[in-house]
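J.: Give me the fold of what follows.
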Amino acid sequence: MVISTILNFIYPPPPSLFTTAMSAMSAASLANGGLSEARGVHLQYSKFTLTPNKKVPSRTGMLVLYSPAFLAGLASFFFFPDEGLRFLILRSAVSLHFFKRILEVLRVHKFSGGMGVDSMVAISLSYFLSTVTLIYSQHLSQGLPEPPVNLLYPGVALFLVGIAGNLYHHILLSRLRQEGDREYKIPKGGLFGRVICPHYLFEELCHQELVHFKFEDFPEDVKALIPFIF
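T.: Numbers count the residues shown, from 1 in each chain. Here you go, the predicted model:
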C-alpha cells in the first residue's frame, strides 16, 4: 500500500548494483555523521576547525568541495547527450546548484578559518558520488513509464525559489562583516526576522541553541528554520 502510493509520484528504483551500493554507503555515512555531530565531533571546517594536523584555507577547501560535483554535472551532458526533458532538467539543476556554490565561494562568502584536509576530502567525495549516483540513476530510468502524478514543474518551481532564496540570504549574511571584522552579529532583512537560518530552509537544519548562546538578547519569537513553527 505504502510502496504503491509512493510510486504514484516517483519512478520505481532501477535495478543496479552500483546505485544500491551507493545508497547503502550514503545511508551509513549520514548515520555516522549524525552520531558524530550528536557527540560534539564536528567536521573540521570554517568555525568548527579546531587544530587538525593538516588544513587548507577555507576558500580553497570549499572550492575543492564543490568543483568535482560541478564537473560531474557538466560531464553528464557529454556522456548522456539526448535522454529527454526530465534528464535535461535534472542535470541542469545539479550543475546550477554546484555552480552557484562555487560562485558564492569566489564572490559572496567571507572566510576567516581553515578546513581540515581529511574533512575536505570526505565531503568532496560525498558530493561527487551523490551527484554521479543521481545522474546515473536517472539514466537507468530512461524508458520507464511516467509517474501517474507529474511533479516535474512544481519541482522546478520549488528548486528555483529555493536556490534564489538561499543566494539572497547568503548575500545578506556576507554584508554583516566588513574587512577584518570577526564579531558575531544578528542578521536582518529577508526572512531573518522570522527564522534564524532562512538560507538553510532547503539545505540543512540550523542549531538554534548556538545562536541563543551567542546572543542573550536574541528575540524569542524567531524560529530556527520554519517561520512560526520550528
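J.: Below-threshold pLDDT in this protein: ranges please.
T.: Residues of the chain that meet the criterion pLDDT under 70 lie in 1-15, 30, 32-34, 36-37, 40-53, 179-182, 199-230.
J.: Where do the strands of it begin and end?
T.: 45-46, 55-57, 114-116 (DSSP state E).
J.: Include distance to residue 173 and mean neighbour count when you put those into CSV, please.
T.: Placement of C-beta: from N, CA and C, glycine included. Listed next are the strands of the chain as CSV, based on distance: least, CB to CB, whole Å; neighbours: other CB atoms under 10 Å:
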stretch, distance to residue 173, mean neighbour count
strand 45-46, 13, 19
strand 55-57, 19, 17
strand 114-116, 19, 23
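J.: Which of those strands sits closest to residue 195?
T.: strand 45-46 (20.7 Å; CB to CB).
J.: before we move on, the earlier item: columns distance to residue 134 on top of the strands of the chain, output as TSV?
T.: TSV is the format used below for those (distance: least, CB to CB, whole Å):
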stretch	distance to residue 134
strand 45-46	23
strand 55-57	27
strand 114-116	25
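J.: Compare the ones you listed and give me the one nearest residue 198.
T.: The nearest among the strands of the chain, by CB to CB, is strand 45-46 at 18.9 Å.
J.: Just the helices from this structure, written as ranges.
T.: Taking DSSP state H as the test, the helices found in the chain are 2-6, 17-38, 58-79, 84-107, 117-140, 152-174, 208-214.
J.: what's the neighbour count on residue 74?
T.: By other CB atoms under 10 Å, 13 other residues sit near residue 74.
J.: mind checking how far the residue nearest to it when sequence neighbours are not counted is from residue 163?
T.: Excluding the flanking residues, the one nearest residue 74 by CB to CB, 6 or more residues apart in numbering is residue 95, at 5.7 Å. In this view, residue 95 and residue 163 are 12 Å apart by CB to CB, to the nearest Å.
J.: And residue 152, by the same measure?
T.: 17 Å.
J.: out of these two, which sits in the busier spot?
T.: Neighbour totals were compared for residue 152 and residue 163, and residue 163 leads with 16 against 13 (other CB under 10 Å).
J.: my read: the more buried one touches residue 100, true?
T.: Yes: using CB atoms under 8 Å, residue 163 makes contact with residue 100 at a distance of 6.1 Å.
J.: For residue 196, find the nearest of the strands of the chain.
T.: strand 45-46 (17.0 Å).
J.: who are the neighbours in contact with residue 91?
T.: 73, 76-77, 80, 135, 138 (CB atoms under 8 Å, 6 or more residues apart in numbering).
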